[in-house]
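*Asks:* Dropping the sequence and predicted coords here.
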Amino acid sequence: MGHERLSRDTDPKARRRPRRRRALWPYLYALPAVSATAFAFGFPLVQVVKDSFYAGNFDAPIWVGLDNYKGVIHDPSFRTSLLNNLKLLGTVPVMIVLGLAIALVLNDRIRGMRQYQAVVFLPYILPATAIGLCFSFLLQENGVLNTALRGAHLNFLAQDWLGNSHLSIGSVGGLVVWQQLGFCVVVFTAALLALPPETSEAARIDGAGWWALQRRILVPQIRPIIELIAVIQVITALSWVFNYVYILTSGGPGYASSVMELYIWRSFSNGANGTAASVAVMLLGMASVLIGLSLWVRKQVERA
Amino acid sequence: MPRRKVVLALGAALAVVAAAFASSAASKPARVTADDPNNANLTYWYWGEDDAPGANGWLKKEVALYEKAHPKVKITVVTQSTDTLTSAFTTAAQTKSGPDIATQWATLPVLTPAWNGSSVPISDYVPAGEIKNWIGTAENMSGGKLWAMPQYLLGIPFLWNKAMFKKAGLNPNKGPRTWPQLLAACAKLKAAGFTPFGMGNKDGYGGAWFFSLIGKQNLNSIDELKDAMIGKANFSDPKFSGFYALLADFKKKGCLNSDVASISFTQGLGLIGQKKVAMSWVTDGFAAGASKALGGTKGMGVGPIPVWGKGKLATSYDTTQSSSAFITKWSKHPRAAAQFLVFLHSQQALRAWYKATGVFPADKRFPASLVTDPIAKQQLALDKSPVSVWPENYVPPQVDGNADLAAGELITSGAGKPADAVSLWERELKKWKSQHPDEFRNYSKWATSG
């Protein structure tokens, strides 16, 4: 046995074989999953990038180089859509701050905590389409909200939430916060409940007050979760708001509340596939940059 | 050795998979592709309810009757929504798959897929003796062929609430015939505490109607609009776009309902029947409903759209077949589809349509004697006006969606001025030409030679 081991160690060929075997097999095991992933994600990605350089329909595409990108950049309705997506990024800190505040309060094991949690989470499980329809009736000029405001003699607050071009994107943002807040609260609450109680106990014994406990002990411990939620909500604000916009305002009045997803949909449904593809590529690029940036910031903070 | 084994195993696996695919393909029974009109599964993408409430129920009954008479024919009806009617079919046409029969609004929305090779001429499958009975076929002609079947005639009458007119000191039996008369009535109604005119434009269709009903009034023929679409004339000429200033003025004077920008077009159509506004323009179908709510001729007046412009089209009426049915290029059963569409023009189907919707069928064989309601008689007389045109049908669908709808929204919401609306049109016309050079070429050819 000892001789065998000795001979294998000294024979270069025998030494290489197991290594090769070890090197090859894991890749083969992963091959089906990698192939499926490549097909499901890689193929459409390559195709959409390719389409962005063509015009016309899929049957007879015409090479136009960067013309689709140039056309889109010079289109004021695209610039409005892009700006609206950036405005919707403003919902992210609102959701994080509100969600964290509610989660911290719920974490104090207040009476009826589970019921409160259910109430806050409820909007998240409702279909966006149904919510959009309900809110489109609620927020009309003579809808439920304004009728209630007028009834309370608060006429100055009753606005045309959907028909006013200055307010429509804000109304969409409000709806996004209303629905997504539940998700933030549930995730933050779960993260807080999973923390070891010893640290908090130790802080209390050392005389930390409620505010100091939250700010210095609990929140820092769930920072990775906060960052994760921030990344998810950034992606939501950039490329997951189509439902809300389409049902609530259809992007109007004019293009006042249009977003990039709606622009893509409009282009594609008009048969302008190349234009739709070029905006999709830009949207993907923007989301990737923002996510990459957030990961980089996180690393810098960790290093510091 | 193990490496070779791995390669062999992979090769064998691939061979097995390939063989499985090949054998499954070979063992599949040959599809029945023969176009037997009495043996087919048809899918019909249908739209009509928003024009003529009751249309969906009517089609369901007609399908049941047809399937009973043709046991080997199965028809699946998929109702379409207004805001995705064009886009859903455009998407289907990209993949050359979808329904056997589709619905689109007349003229450009029908002819654009025809030019793109997504439909077949219905005149190739239906005898000329049948087609000669259909009304409004000129709306869907291109290259000497008819591309879609009309089902109904949709007139847009002007309605007024007689009780509100009386209370405002206006003659309840005489509606406004000119734009100044309309503005005068508006002022009196407003002073009496009524909302003068009702419209919904959250989705842009209210503004698009304003374009079709009022915007055409400075034109002498629809060919002038076609010229503006292909750049032979300039859309910024007030002859084409002057109506936006009129719409802005109409809103500024407080003639429109305050929620015009936040309610949908369909919600707007219902306002007169709900007694929330004193005047409106609606489809024949909605007029029938409003008439019931307001008490027929005693409570509601009907007339043509008030005249504003000075072109020959100013006094034309606004009847269109609105939506049309056509057979798709990829349908394996065009003869079966055509036979079913002809069935929808049978005497039984025409009568059932009118009974269900109160909207007149687009067929000369429909007996006018069935129209007994006084309001409906007035509508039928208007629908038979000698000159009738719906300009929106002549706007390329992309420009209609991106400019016509959005520009009206700019005005009714106060977000833009008439000049902004006009520049939006010009920008979208330019975009259409550059994004769809083939469509532009076809449109230009059609505009000049028909």
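*Replies:* All right, it came through fine.
*Asks:* Give the buried residues for stretch B:72-92.
*Replies:* Buried residues in stretch B:72-92, defined by neighbour count with 16 or more other CB atoms under 10 Å in any protein chain shown: B:73, B:75, B:77, B:80, B:82-83, B:85-90, B:92. Where C-beta positions appear, they are placed from N, C-alpha and C, glycine not excepted.
*Asks:* Actually, stretch A:183-198.
*Replies:* A:Phe183, A:Cys184, A:Val185, A:Val186, A:Val187, A:Phe188, A:Thr189, A:Ala191, A:Leu192.
*Asks:* The last one belongs to a strand?
*Replies:* No. Following the definition DSSP: H, G, I helix; E, B strand; the rest coil, A:Leu192 is helix and is not counted among the residues of a strand.
*Asks:* wait, it sits on A:Leu218?
*Replies:* Yes. With contact defined as CB atoms under 8 Å, A:Leu192 and A:Leu218 form a contacting pair (6.1 Å).
*Asks:* all helices of the stretch 51-200 of chain B, in order?
*Replies:* Here the stretch 51-200 of chain B has its helices, by DSSP state H, counting those that start in this stretch, at B:55-69, B:85-95, B:108-115, B:128-131, B:162-167, B:179-191.
*Asks:* ok, and which of those helices has the densest surroundings?
*Replies:* Mean neighbour count (mean count of other CB atoms under 10 Å in any protein chain shown) peaks for helix B:108-115 among the helices of the stretch 51-200 of chain B, with a mean of 25.
*Asks:* mind checking how far that helix is from the chain centre?
*Replies:* Distance of helix B:108-115 from the chain centroid (CA atoms, centre = their mean, to the nearest Å) equals 13 Å.
*Asks:* Run through who's touching it.
*Replies:* Defining contact as CB atoms under 8 Å, 6 or more residues apart in numbering or on different chains, one finds that helix B:108-115 is touched by B:85-86, B:89-90, B:93, B:102, B:104, B:119, B:121, B:139-140, B:142, B:147-148, B:324, B:326, B:393-397, B:400, B:438-439, B:442-443, B:446.
*Asks:* same thing but at 7 Å, please
*Replies:* By CB atoms under 7 Å, 6 or more residues apart in numbering or on different chains, the surrounding residues in contact with helix B:108-115 are B:86, B:89, B:93, B:104, B:119, B:140, B:142, B:147-148, B:324, B:326, B:393-397, B:439, B:442, B:446.
*Asks:* Give me the subset of those lying in strands.
*Replies:* B:Gln104, B:Ser119, B:Ser142, B:Ser324, B:Phe326 (DSSP state E).
*Asks:* Check the stretch 1-150 of chain B for the residue nearest chain A and tell me.
*Replies:* At 3.0 Å from chain A, B:Ser87 is the closest residue in the stretch 1-150 of chain B, using CB to the nearest CB.
*Asks:* need the contact list for residue 302.
*Replies:* Picking chain A for this. Contacts of A:Glu302 (CB under 7 Å, 6+ apart): none.
*Asks:* nope, chain B please
*Replies:* B:Pro157, B:Leu159, B:Ala287, B:Ile375, B:Gln378, B:Gln379.
*Asks:* Break down the chain into its strands, ranges please.
*Replies:* I'll assume chain A. A:54-55, A:62-63.
*Asks:* Let me rephrase: I mean chain B.
*Replies:* B:40-46, B:73-79, B:101-105, B:119-120, B:141-142, B:145-146, B:149-150, B:154-155, B:158-161, B:279-281, B:300-303, B:319-320, B:323-328.
*Asks:* Any buried residues in the first one, and which?
*Replies:* The neighbour-count check on strand B:40-46 (16+ other CB under 10 Å) flags B:Ala40, B:Leu42, B:Thr43, B:Tyr44, B:Trp45, B:Tyr46 as buried.
*Asks:* I'd assumed B:Ala337 was in contact with the second one.
*Replies:* The one in question is B:Leu42. Yes. Counting by CB atoms under 7 Å, B:Ala337 is a contact partner of B:Leu42 at 5.7 Å.
*Asks:* joint contacts of the two?
*Replies:* B:Asp100, B:Ile101.
*Asks:* so how many other residues sit close to A:Arg204?
*Replies:* A:Arg204 is flanked by 14 other residues according to other CB atoms under 10 Å in any protein chain shown.
*Asks:* List the residues that contact it.
*Replies:* A:Arg204 neighbours (CB under 7 Å, 6+ apart): A:Leu213.
*Asks:* now swap in A:Ala152 and tell me
*Replies:* No contacts exist for A:Ala152 under CB under 7 Å, 6+ apart.
*Asks:* separation between it and B:Thr137?
*Replies:* 58 Å (CB to CB, to the nearest Å).
*Asks:* tell me the pLDDT at the closest residue to B:Gly155 other than its chain neighbours?
*Replies:* Spatially, and ignoring its direct neighbours in sequence, B:Gly155 is nearest to B:Asp383 (4.1 Å; CB to CB, 6 or more residues apart in numbering or on different chains). We have a pLDDT of 87 for B:Asp383.
*Asks:* Alright, I will stop here.
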